[in-house]
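[1] Test case, fold it:
(chains A and B)
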There are 2 protein chains.
Amino acid sequence: MSGLTALFVPASIAVLGVSRNPAKLGYRLLQNVKEGGFGGAIHPVNPSGESILGLPTVPSIDALPDAVDLALVSLPAPAVPDAIKALAARRVRAAVILSSGFGEVDDDGRATQRDLLATARAAGLRLVGPNCMGVYSAPVSLNGTYFWDLPRAAGGISIVSQSGAYGGLIFRHLGGRGLGVARFVSIGNQVDVEIAEVLEWLVDDPATTLIACFVEALRDGARFLEAAGRATGRKPIVMLKGGRSDAGRRAAGSHTGSLAGAWEVYCAACASARVVLAEETEEFFDAIETLVTVPTRRPAAPAVAVVTVSGGPSVIAADTAEREGLHVPALSNATREALRAVLPPFAAVGNPVDLTPQVEPAQIAKAVRRVLDEATIGGVVAVNVGLDIPEFADGVVAAARDTGKPAVAFTADAPQITARFRAGGVPVLPSPERAVRAWRALWRARPPAPRLDLRAPSLSPESR
Amino acid sequence: MSGLTALFVPASIAVLGVSRNPAKLGYRLLQNVKEGGFGGAIHPVNPSGESILGLPTVPSIDALPDAVDLALVSLPAPAVPDAIKALAARRVRAAVILSSGFGEVDDDGRATQRDLLATARAAGLRLVGPNCMGVYSAPVSLNGTYFWDLPRAAGGISIVSQSGAYGGLIFRHLGGRGLGVARFVSIGNQVDVEIAEVLEWLVDDPATTLIACFVEALRDGARFLEAAGRATGRKPIVMLKGGRSDAGRRAAGSHTGSLAGAWEVYCAACASARVVLAEETEEFFDAIETLVTVPTRRPAAPAVAVVTVSGGPSVIAADTAEREGLHVPALSNATREALRAVLPPFAAVGNPVDLTPQVEPAQIAKAVRRVLDEATIGGVVAVNVGLDIPEFADGVVAAARDTGKPAVAFTADAPQITARFRAGGVPVLPSPERAVRAWRALWRARPPAPRLDLRAPSLSPESR
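    Residues are numbered from 1 along each chain as shown, chains lettered A, B, ... in the order given. Okay, here's the model as predicted:
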């Protein structure tokens, strides 16, 4: 069993730093493990040897049974080094150090971290943290975190976060959208296990269908990109990156200095590896939701049609697409003529296509299908404010399905349409701008182009 | 009475195109007028002469009483020209043409609009629209729109929108945030009354404390900026502009061609007139909410302190501030030392200031006050994910009040803090990025710098 398998799929757990005081984090942690429903052996360690939360405790680490897979460490920082030594001696496979007060504080803390790592390496013990929020793994019903309000829905989203607070935000947002988490790990100071290694494990994890990362500093960018490349086209990776500005790096405690252009390098590398790099927090969650909702359809071109009954918001959607690197190409004359034949005389058929509120509902499906049949168009952003007729959603859903081109929607005051979009697998976002960026996430997650084979027959003299 | 006073403060109204069929827009419009509680005379016009919705109707426009202030016109487009002629003959002061099917359709429609305008000008009748959603005016309980779900709260936000759909979005967003609208007008094709003139009226309107505009094309930019300049520093103006890209202009039906750099010109002109130009829909509503919640405090410098207990989100807040044209300056050594004296040893005192979850609650007020006392700092963005202690909110609220510097917050999983911020006049936004941009809206709405007077004594030879 690899160290990360011991982390995410342990058969047995030790919990260090448990307390009978419900106000203490160690109590919360044990309660979370128990109430999470973990089915393997749970060994709380407490010198008293008494039961806590109905679980018998083990009086010391030395008294743990053989072959414990994972230890959750919620001890005061000064007690951690001896605990790690004892865990190493007991041949525990992995330890998550939730405790704070190490490398994020000062040089002494960084020295302590180096000692912890040396101890662990010598014994084949893998370390997560310190200064983190723990590990969650739905397939084994493990909540080894300080969070008590986790999403109830099942799902394939796995998360690696360098920030504990972002861990909380992620659970809150995904839960609020009814999305389910497979694995979560907060990696804190990354003394041993770092983001790229977690990514490697998740890429091969059958329970994981999408990987979301909150990153402040990648320790090994090349390894991250290589793992991302392996996932490309089958398992989307969405990333939010903190520490882009001088002030942000100062806050992230990253003392690498200001690398001019570093953000542009990140963007280019992520684009090439098809990592969906979000600019903002809400864009990050929107991209996750969209890629989970539309797991396979990807645009073949960064050109979007905007189909609407609502003028102003479709103008804003078109503006956003052009500003954010997508195209909103004018439709061909043939398509325009076909649209004119089925739409009211004052409908706009250029792109955005404004069906207008006076559209004959029975004609909507035909019109949207005609737009998506246009070869240059990679997919559609549907915009509807307040004309709540089911034909609008049905037409978009059918055209997207039949053409294999993806659709994303912005709706307001249209509850029927919103519900039908959701039922039809069309993500619904709360503003025109966010809908356009969510569509762009689908484009960014597309499979890579096949590499040119220089020996290919098409490069024979005749075809040059 | 000016035409716009007749529009917003009519004593009597005629409603044209009313119907006994509740499915018709004309029925909805009369219902809205009646249920809105308008206290003046209401004259529905219907050839039957029977009562509709309990209101006696007038059989024709010619039969209207003298001195009707405002007519709401919801007739089919072909019936509008004769109606406007008849209204002009009856010396009605203003007409809102809600009907569609004019200049937004084709050249015939534009010719009809020119005729409407000539008729109206000759009689001193002001026209709003056509192709609009109507007028709302809280001080006279007038809902002369097709919208039936309007904000219930009283408030001083007045809105002029070129898009009907954005009108609906504005009511929905403001209502959802508990904010109240004073006046609203949807101006559609702007055949006569255009944005700048409405702005002029609202700048002098005592019921209006903030003006929000959704604009696709300004017909008279110089007049708009002059009116905005008059409002500057006492009545914020927030603008969202559609039609920035080629595709957006195509959708907006603006055939002015692509003016390279036009957006940059808008930005510069708005910055100079202190119009808060929002980049995006949610930023627009966030700016309105923030400027209403913080009506007077304005940053003296575009430099913000980020105060937090949550590392990751504060990193993102700092990144956003630097990216969006604000500064997050490092604090002075004196301030850092003062902070170190009251904060845990591993707190970050650079800026962002991370108090850490281990902060002594009683010290928070002192620390935040010390940060805001720093001369270079224009205000604070407070970030709190999940450490729900009242001292955090109380400290920020008190420091902002005592120093006169504005605070904006991002909170999550901290309901007590969120409530105390709101009670203390601190806007709470749903992401770190949106909190930073909301703070920037306060900076953008600051009073203009005093103009240099070249004859001033300070420019006497001695002081050169």
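
[2] Which of the helices and strands in chain A ranks last by mean pLDDT?
    Every helix and strand in chain A was compared by mean pLDDT, DSSP states H and E; the lowest is helix A:246-252, with a mean of 79.

[3] near chain B at all, that one?
    Yes. Part of helix A:246-252 sits near chain B under the criterion Cβ under 8 Å from any Cβ of the partner chain, namely A:246-248, A:250-252. From N, CA and C alone the C-beta is placed, and that goes for glycine too.

[4] Please indicate which of those are buried?
    A:246-248, A:250-252 (16 or more other Cβ atoms under 10 Å in any protein chain shown).

[5] mind putting those residues in CSV, distance to residue B:83 included?
    Formatted as CSV, these follow (distance: Cβ to Cβ, whole Å):
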residue, distance to residue B:83
A:246, 63
A:247, 61
A:248, 60
A:250, 66
A:251, 63
A:252, 65
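
[6] Quick check: the residue of the stretch 51-200 of chain A nearest chain B.
    Proximity of the stretch 51-200 of chain A to chain B (Cβ to the nearest Cβ) peaks at residue A:163, 2.6 Å away.

[7] Leaving out the residues flanking it, which one is nearest to that residue?
    Spatial nearest neighbour of residue A:163, chain neighbours left out: residue B:312 (2.6 Å); criterion: Cβ to Cβ, 6 or more residues apart in numbering or on different chains.

[8] so what's the one you found up against?
    A:161-166, A:214, A:216, A:242 (Cβ atoms under 8 Å, 6 or more residues apart in numbering or on different chains).

[9] if you set the cut-off to 7 Å instead, what comes out?
    By Cβ atoms under 7 Å, 6 or more residues apart in numbering or on different chains, the contact list for residue B:312 reads A:163, A:165-166, A:214, A:242.

[10] Show me which residues of the stretch 1-150 of chain A sit near chain B.
    A:101, A:104-105 (Cβ under 7 Å from any Cβ of the partner chain).

[11] repeat that with 10 Å
    A:77, A:100-102, A:104-106, A:109, A:131, A:146-147, A:149 (Cβ under 10 Å from any Cβ of the partner chain).

[12] Out of the residues you listed, name the two that are farthest from one another.
    The most widely separated members of the residues of the stretch 1-150 of chain A next to chain B, counting by Cβ to Cβ, are A:106 and A:149 (33.1 Å).

[13] Neighbour count: those two, which is higher?
    residue A:106 (13 against 10; other Cβ atoms under 10 Å in any protein chain shown).

[14] got a list of contacts for the longest helix anywhere in chain A?
    Longest helix in chain A by number of residues, with DSSP state H as the criterion: helix A:107-123. Applying Cβ atoms under 10 Å, 6 or more residues apart in numbering or on different chains, the contact partners of helix A:107-123 are A:3, A:77-78, A:80-95, A:97, A:100-106, A:125-127, A:129-131, A:189-192, B:346.

[15] any idea how far that helix is from the chain center?
    Distance of helix A:107-123 from its chain centroid, counting by Cα atoms, centre = their mean, to the nearest Å, is 30 Å.

[16] Remind me which helix or strand the closest residue to chain B within the stretch 301-450 of chain A belongs to.
    In the stretch 301-450 of chain A, no residue comes nearer to chain B than residue A:312, which is 2.6 Å away by Cβ to the nearest Cβ. Assigned by DSSP states H and E, residue A:312 falls within helix A:311-323.

[17] tell me the mean pLDDT for that helix?
    Here helix A:311-323 scores 94 as its mean pLDDT.

[18] and what of stretch A:215-227?
    88.

[19] now swap in stretch A:193-203 and tell me
    Rounded mean pLDDT across stretch A:193-203 is 95.

[20] what packs against the helix or strand residue A:135 falls within?
    Assigned by DSSP H and E, residue A:135 falls within strand A:134-137. Packing partners of strand A:134-137 (3 or more Cβ pairs under 10 Å, 6 or more residues apart in numbering or on different chains; DSSP states H and E): helix A:3-8, helix A:25-36, strand A:70-73, strand A:94-97, strand A:142-145, strand A:157-161, helix A:164-176, strand A:181-186.

[21] between these, which gets the lowest average pLDDT?
    Among the helices and strands packed on strand A:134-137, helix A:164-176 scores lowest, with a mean of 89.

[22] tell me which residues in that helix are buried?
    Buried, per 16+ other Cβ under 10 Å, within helix A:164-176: A:164-175.

[23] okay, those in a markdown table with distance to residue A:45 next?
    Output for those, formatted as a markdown table (distance: Cβ to Cβ, whole Å):
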| residue | distance to residue A:45 |
| --- | --- |
| A:164 | 23 |
| A:165 | 28 |
| A:166 | 29 |
| A:167 | 25 |
| A:168 | 26 |
| A:169 | 31 |
| A:170 | 29 |
| A:171 | 27 |
| A:172 | 31 |
| A:173 | 34 |
| A:174 | 32 |
| A:175 | 31 |
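
[24] Can you get me a residue count around residue A:391?
    By other Cβ under 10 Å, neighbour count at residue A:391 equals 19.

[25] So it: helix, strand or coil?
    What DSSP: H, G, I helix; E, B strand; the rest coil gives for residue A:391 is helix.

[26] Model confidence score at it, please.
    97.

[27] ok, now which ones touch it?
    Neighbours of residue A:391 in contact, by Cβ under 10 Å, 6+ apart: A:355, A:359-365, A:368, A:417, A:420.

[28] and if you look at residue A:230?
    Here residue A:230 is in contact with A:199-200, A:203-204, A:273 (Cβ under 10 Å, 6+ apart).

[29] Residue A:193: what's it in contact with?
    A:3-4, A:7, A:94, A:96, A:126-129, A:160, A:185, A:187, A:201.

[30] does it sit in a helix, a strand or a coil?
    coil.

[31] Let's verify the nearest residue to residue A:374 once chain neighbours are set aside: helix, strand, or coil?
    Excluding the flanking residues, the one nearest residue A:374 by Cβ to Cβ, 6+ apart is residue A:335, at 5.1 Å. Classification of residue A:335 using three-state DSSP returns helix.
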